[in-house]
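[1] what shape does this take:
(chains A and B)
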Amino acid sequence: MREAVHVERPWFSASLWEWIFTTDHKKIGIMYGVTSTLFFVIAGLMALGMRLELFSPGGQYMKPETYNYFLTVHGTVILLWWAIGIWSSFANFLIPLMIGARDVAFPRLNALGYWMFFAASVIALLTFIPGNHIMTMWTGYPPLAAKEGVGFAGTTALFVFIWHLTGFASIAGAVNFITTVIRMRAPGIGFWNLNLFIHGVIAANVIQLLGVPSVAGAVTMLFLDTYLKTSFFDPTKGGDPLLYQNLFWFYSHPAVYVMVLPAFGIISEIVSTFARKPIFGYKSMVVAIWAIAVVGFTVWTHHMFVSGIPDWVKILMSYTTLLIAVPTGIKIFNWVATLYRAAIVYRTPMLYALGAILMFLIGGLTGIPLGIPAFDIAVHDSYFVVGHFHYVLGMAVTLSAFGGFFYWWPKVTGRMYSEGLGKLSFWIVLVGSNLLYFPQLVIGLLGMPRRYYDYPAIPEWVTLHQIQTYGAFILALGLLIAMVALIKGAFSGERVGPNPWESNSLEWRIPSPPPPQNFDTPPKVEENFCPHGYRKL
Amino acid sequence: MEVLARPYDLWEGIYKIWLVITVIIYAAVAIPSLIFMVKYRYKPGEREVGDHEHEGHWGLEALWTIIPLIIVLYLATHGFAIFTQMRKPPENALELRVTAFSWGWIFQYPNGKTVVASAIRDTEDKKCKPEECYGVDGVFQHYVYIPAGVPVKVLLTSQDVIHSFYVRAAGVTQDAVPGRTTYTWFQINEPGEYWVFCREYCGQWHSRMFAKLKVVPKEEFERWLRGETADGGHESEARKVANITEVREVVR
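    Alright, predicted model coming up:
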């Protein structure tokens, strides 16, 4: 059997051949990062298109089917490529470095996972062909989604295959990362002194392993209903459309913790490094992460509070939903306590991380009422929900992903990003995001339903939509500047040593960029090793 | 005191409680954060490394576990109590059977009278100016008469895909699911025109799926229901229903 391509050169001087056949976790991590970011940009541009359409009431320049297509792709891509996919990038690059391993446990499975993700990306791009537009929203509820499959290639099929392929990549990644962390840690690194980023990622991957089969089953049944005329979800033949919603949300609610737990991990890494002190309450942080992962599986019906399920289920899952606020609160309070008697160095990653905490808090606090059926009944499927999850995904996840980009950029490229542009980008992003997302909360309380291509000219609605559109363009400018700061750094930034941030974590003890085999000898950590804290050079 | 609409009054109660708690919690986190961010900045020669003594404090951590736990248990339980009241339609409620279709609703009154509120689609039906697309034109859209001060129980179902029924003034949302009947109720006390929207994505013209409730005094409603006012008898309405079903078949 032919060997997989050996890693001989560091990632920046590798040939195309080596990139395609590589099993190196760092290269695969970079490929995930580039793919995810590219799709993030595409989904962002589509959002700008939708914001222009919504600037005033009436059809502006789009047809409703174009809008519905844009919204479907925006949702699907932001969730599967950005909020989930980008963590595959971070996890691939960082897990082996943080635990002192040379690669992940199953490097070829890892490569296969990426290429499945790539295949899903190709299918997502195929939907741009007229006639292939998927218009089912990212949730693909039947019976609507089961009726759409009459396009050129069968739009329901495209929708289903996107889920299958990204799901395969998720499971391959989960098996890999979980095994790697269990089996390949350097001596001296155990459950209670792992990086919090690793706890976050592994908890997320346990969710993937247990949850993805549920959604994969749901979309498979949708596929069968659409093309083979089975009747899992068809009420005229004895099926039940709510079965799909249960199976879908059984994964897709925990999936929001797949998106946000790694973000929490990154915030913890950055905050402790730049506060120059160990994270406050490490143990309760770990317990909180795992509690969120477990309780997260018991809350899914809050997505179905108005769908006709029995009232007692709503009440039961109202309690479990609100319970999630407790471990989440622990994390936020611990971050704040970490700042107490710290020596805070304000570099770009720290700004992004602190912004992510304070903005996530708004996302969390607006999530609580959505878990109370008595509150939810007035705002279900309104812009309030849109605002809530944009504070979580558009702010907590995106700000920490960009914080992570800035933080590990010197490690990945060996060069420092542009600090002035980085800080500027943060403030523009913060202003733009709030102008975009806060009016969504307000307009939702005023009744605006979500997924509307057009809306009646109710004066408050018009004003609030206009503010959102301005905010969206400010946000886009900020993100553009952030990307310029990073790319400029990669080409012409100052060269950095192994540990520019003076962090105690293991990835900062090897040269930047990391050599092909990461660690020449298995690393030895000091006794009482703690990855969070300050390390003098 | 007479409220504008029910059960919106109940919703407002829980909304206010949530808002107060949220603002307090946000301040309790943000104010110390900002103070620490300013006070504990890195200062060369003076404050270069953070305090490594404070790695945790069980008392504090227990405190910010227990207090949020009490708050969420209170909110969930209070919400439970309110929700139980919200879901119970008053005994004397007027029963309205509502069938959703792509894209609109057919309202059926207890005496069999039907009213259709169907989306005005500017590509297929007619070009509507922005201000007309959400108007009541008497062709696709008809006023849905509702008596003021009388609770209305809505029994919902759908002919095709999942839709929903949201009465803006009353703050109630309920999905219309094919193959099952769901319910909600509301009461509007003040005569006037009120919005109803679909909130469950249902395809191309989801955004134009609306209805206008015309809330009128009870006597006027009774007269309208008996067909004594100018605004349409149910025979012509029924014909339009048939038309809409036809259109739907063609679209499919």
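
[2] alpha carbons only for contacts and neighbour counts from here, please
    Noted.

[3] tell me the contacts of A:Val212?
    A:Gly167, A:Ser170, A:Ile171, A:Tyr251 (C-alpha atoms under 8 Å, 6 or more residues apart in numbering or on different chains).

[4] what about it, helix or strand, and which?
    Element membership for A:Val212 (DSSP states H and E) is helix A:196-227.

[5] re earlier: of the contacts of A:Val212, closest to B:Phe107?
    Within the contacts of A:Val212, the smallest distance to B:Phe107 is 36.5 Å, found for A:Tyr251 (C-alpha to C-alpha).

[6] check the secondary structure at that closest one for me.
    Using DSSP: H, G, I helix; E, B strand; the rest coil, the structure places A:Tyr251 in helix.

[7] so A:Phe168 makes contact with A:Leu112?
    No. Between A:Phe168 and A:Leu112 there is no contact under C-alpha atoms under 8 Å: 9.3 Å.

[8] okay, those two: which has more neighbours?
    Comparing A:Phe168 with A:Leu112 by other C-alpha atoms under 10 Å in any protein chain shown, the one with more neighbours is A:Phe168, at 21 against 17.

[9] hang on, the more buried one in a strand?
    No. Counting by three-state DSSP, A:Phe168 falls outside a strand, being helix.

[10] contacting residues around it?
    Counting by C-alpha under 8 Å, 6+ apart, A:Phe168 touches A:Gly113, A:Met116, A:Phe117.

[11] how about the stretch 1-150 of chain A: which residue is closest to chain B?
    Among the residues of the stretch 1-150 of chain A, A:Gly58 lies closest to chain B, at 4.4 Å counting by C-alpha to the nearest C-alpha.

[12] tally of neighbours for that residue?
    Applying other C-alpha under 10 Å, we find 21 residues neighbouring A:Gly58.

[13] now the strands: where do they sit in the stretch 51-200 of chain B?
    B:94-101, B:104-108, B:114-118, B:144-147, B:152-158, B:163-167, B:172-176, B:182-188, B:192-197 (DSSP state E, counting those that start in this stretch).

[14] how many other residues sit next to the residue nearest to the residue of the stretch 1-150 of chain A closest to chain B when sequence neighbours are not counted?
    Nearest non-adjacent residue to A:Gly58, counting by C-alpha to C-alpha, 6 or more residues apart in numbering or on different chains: B:Pro130, 4.4 Å away. By other C-alpha under 10 Å, the residues close to B:Pro130 number 18.

[15] how near is B:Pro130 to A:Thr22?
    Going from B:Pro130 to A:Thr22 by C-alpha to C-alpha, to the nearest Å gives 55 Å.

[16] residue contacts, B:Met209?
    B:Trp103, B:Gly104, B:Ser118, B:Ala119, B:Phe197, B:Cys198.

[17] need these in TSV (columns: neighbour count and distance to B:Arg87).
    Listed next are those as TSV, based on neighbours: other C-alpha atoms under 10 Å in any protein chain shown; distance: C-alpha to C-alpha, whole Å:
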residue	neighbour count	distance to B:Arg87
B:Trp103	25	27
B:Gly104	29	24
B:Ser118	25	27
B:Ala119	23	29
B:Phe197	23	20
B:Cys198	30	20
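
[18] ok, which of the residues you listed also contact chain A?
    Applying C-alpha under 8 Å from any C-alpha of the partner chain, the subset of those adjacent to chain A comprises B:Phe197, B:Cys198.

[19] would CSV of the contacts of B:Met209 with pLDDT be doable?
    Converted to CSV, the contacts of B:Met209 look like this (pLDDT from 0 to 100):
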residue, pLDDT
B:Trp103, 89
B:Gly104, 94
B:Ser118, 92
B:Ala119, 90
B:Phe197, 97
B:Cys198, 96
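
[20] which of the contacts of B:Met209 lies closest to A:Cys530?
    A:Cys530 has its nearest neighbour among the contacts of B:Met209 in B:Cys198, at 53.5 Å by C-alpha to C-alpha.

[21] I figured that closest one hits B:Ser164, correct?
    Yes. Applying C-alpha under 8 Å, one finds B:Cys198 in contact with B:Ser164, separated by 4.9 Å.

[22] helix or strand: which one has the residue of the stretch 1-150 of chain A closest to chain B?
    Counting by DSSP H and E, A:Gly58 is part of no helix or strand.

[23] contacts for stretch B:70-87?
    If you take C-alpha under 8 Å, 6+ apart as the criterion, stretch B:70-87 is touched by A:315, A:318-319, A:322-323, A:325-326, A:372-375, B:7, B:10, B:14, B:18, B:184-185.

[24] hmm, who's touching stretch A:26-35?
    A:11, A:19, A:22, A:81, A:85-86, A:88-94, A:110-111, A:114, A:118.

[25] which residues does A:Pro213 contact?
    For A:Pro213, the contact set (C-alpha under 8 Å, 6+ apart) comprises A:Gly167.

[26] any idea of the mean pLDDT for the longest helix anywhere in chain A?
    Ranked by residue count and defined by DSSP state H, the top helix of chain A is helix A:459-492. The pLDDT scores in helix A:459-492 average 96.

[27] just to revisit the earlier point, out of the contacts of stretch B:70-87, which are inside helices?
    A:315, A:318-319, A:322-323, A:325-326, A:373-375, B:10, B:14, B:18.

[28] could I get these in a markdown table, plus columns for distance to A:Ile279 and neighbour count?
    Output for these, formatted as a markdown table (distance: C-alpha to C-alpha, whole Å; neighbours: other C-alpha atoms under 10 Å in any protein chain shown):
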| residue | distance to A:Ile279 | neighbour count |
| --- | --- | --- |
| A:Ile315 | 36 | 25 |
| A:Ser318 | 32 | 31 |
| A:Tyr319 | 30 | 22 |
| A:Leu322 | 26 | 23 |
| A:Leu323 | 24 | 24 |
| A:Ala325 | 20 | 21 |
| A:Val326 | 19 | 21 |
| A:Pro373 | 36 | 27 |
| A:Ala374 | 38 | 32 |
| A:Phe375 | 36 | 25 |
| B:Leu10 | 43 | 19 |
| B:Ile14 | 36 | 19 |
| B:Trp18 | 31 | 18 |
